[in-house]
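S.K.: let's see this in three dimensions:
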Amino acid sequence: MVEIKTPEQIAKMRAAGLVVAEALKACREAVAPGITTQELNDIADKVITDHGATSNFRADHGGLWFPGVICASVNNEVVHGIPGGRVLEEGDLISIDCGAILDGWHGDAAISVAVGEVAPEVEMLSRVTEGSMWAGIAQMKKGNRLVDVSKAIEGFVRRQPLPPKGKWGITEGYGGHGIGTAMHMEPHVLNYVERGRGKGMKLVPGTVLAIEPMVSLGTPHTKVLEDDWTVVTNDGTWASHWEHSVAVTEEGPLVLTAFDGGKEMLARLGVTAAPDPLGV
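M.R.: Coordinates of the predicted model:
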């Protein structure tokens, strides 16, 4: 069953989303050569705690315990990298995924951050992945179907010029999801159109989805390392991951984990973001 939220519940999810936004902002500002992924984890942990929230990452997930409040995935790591002693180096690309629970409601978002100066194809990779996320978010409108989101994400990636080295691989087997009273809920949101899957559910006001494309410079295929968490590309090519939690409202999309509710980026795409229920 897909959980449909009331306007009051969306306002509570907005509050949780702003905690996630603050945690990711603090991590982004701290990323630099020499910092460890554990230090980034500790920064996010403090922000979450200081806002009276709890982590929805540091928990048991289907029998597997995740020890961090962020996923810190570096270079060829696509998602679910465990924070620890790894030291970031100039030219790395780190994807930081973070979530929080506030008043029983979940927020979830991710960013990719360049460590110092990166290669041109790495900069393109992050920009294309982020752009595909916003293309999908722009389809989070009343009356659209789930496939409209998937089609927009894939279409954006396929229209981009190929990078100087490599190609675009949209990661298979992973995607976005419903979010609300739990972090991972129905429906699953593919980042590409799969034949035979159909159009999917109709988007109605109160639908809240985490939109999260993952794109590599090569293969769409991945494997999980022996730690049972870290997902890496099969061919060793680097990957990027971006994510926002987004609500469908009567007035348009509301990006719960963006400080401005998505106004600036959606306006560039000709879409009006919904008014912020918290007046931020």
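S.K.: right, and the helix or strand after the least confident helix or strand in the chain by mean pLDDT?
M.R.: Comparing helices and strands within the chain by mean pLDDT, DSSP states H and E singles out strand 59-61 as the least confident, with a mean of 89. The C-terminal neighbour of strand 59-61 among helices and strands, as given by DSSP states H and E, is strand 64-66.
S.K.: so what's Ala258 up against?
M.R.: If you count contacts by C-beta atoms under 8 Å, 6 or more residues apart in numbering, Ala258 has them with Gly17, Ala21, His244, Met265. No exception for glycine: its C-beta is placed from N, CA and C like everyone else's.
S.K.: Gly198 touches Leu190, doesn't it?
M.R.: No. Using C-beta atoms under 8 Å, Gly198 makes no contact with Leu190, being 11.4 Å away.
S.K.: neighbour count for these two, which is higher?
M.R.: It is Leu190, of Gly198 and Leu190, that has more neighbours when counted by other C-beta atoms under 10 Å, with 23 against 10.
S.K.: relative to Ala138, how far out is that one?
M.R.: Applying C-beta to C-beta, to the nearest Å, the value for Leu190 to Ala138 is 17 Å.
S.K.: overlap in contacts of Gly198 and Leu190?
M.R.: When contacts are counted by C-beta under 8 Å, 6+ apart, Gly198 and Leu190 are jointly contacted by no residue.
S.K.: element containing Ala11, please.
M.R.: Element membership for Ala11 (DSSP H and E) is helix 7-30.
S.K.: now that helix: average pLDDT?
M.R.: Helix 7-30 shows an average pLDDT of 98 in the prediction.
S.K.: dump that helix to CSV, keeping only the CA atoms.
M.R.: Included here for helix 7-30 are C-alpha records, laid out as CSV according to Å, rounded to 0.1, in the frame of the first residue of the first chain:
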residue,chain,number,x,y,z
PRO,A,7,-1.1,18.5,4.4
GLU,A,8,-0.3,18.5,8.1
GLN,A,9,1.8,15.4,7.8
ILE,A,10,3.6,16.8,4.8
ALA,A,11,4.5,19.8,7.0
LYS,A,12,6.0,17.4,9.5
MET,A,13,8.0,15.7,6.8
ARG,A,14,9.2,19.2,5.7
ALA,A,15,10.6,19.7,9.2
ALA,A,16,12.4,16.4,9.0
GLY,A,17,13.7,17.2,5.5
LEU,A,18,15.2,20.5,6.7
VAL,A,19,17.2,18.6,9.4
VAL,A,20,18.6,16.4,6.6
ALA,A,21,19.3,19.5,4.5
GLU,A,22,21.3,21.0,7.4
ALA,A,23,23.3,17.8,7.9
LEU,A,24,24.2,17.6,4.3
LYS,A,25,25.1,21.3,4.2
ALA,A,26,27.5,20.8,7.1
CYS,A,27,29.1,17.8,5.4
ARG,A,28,29.5,19.6,2.1
GLU,A,29,31.3,22.5,3.8
ALA,A,30,33.6,20.1,5.6
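S.K.: all set now, cheers.
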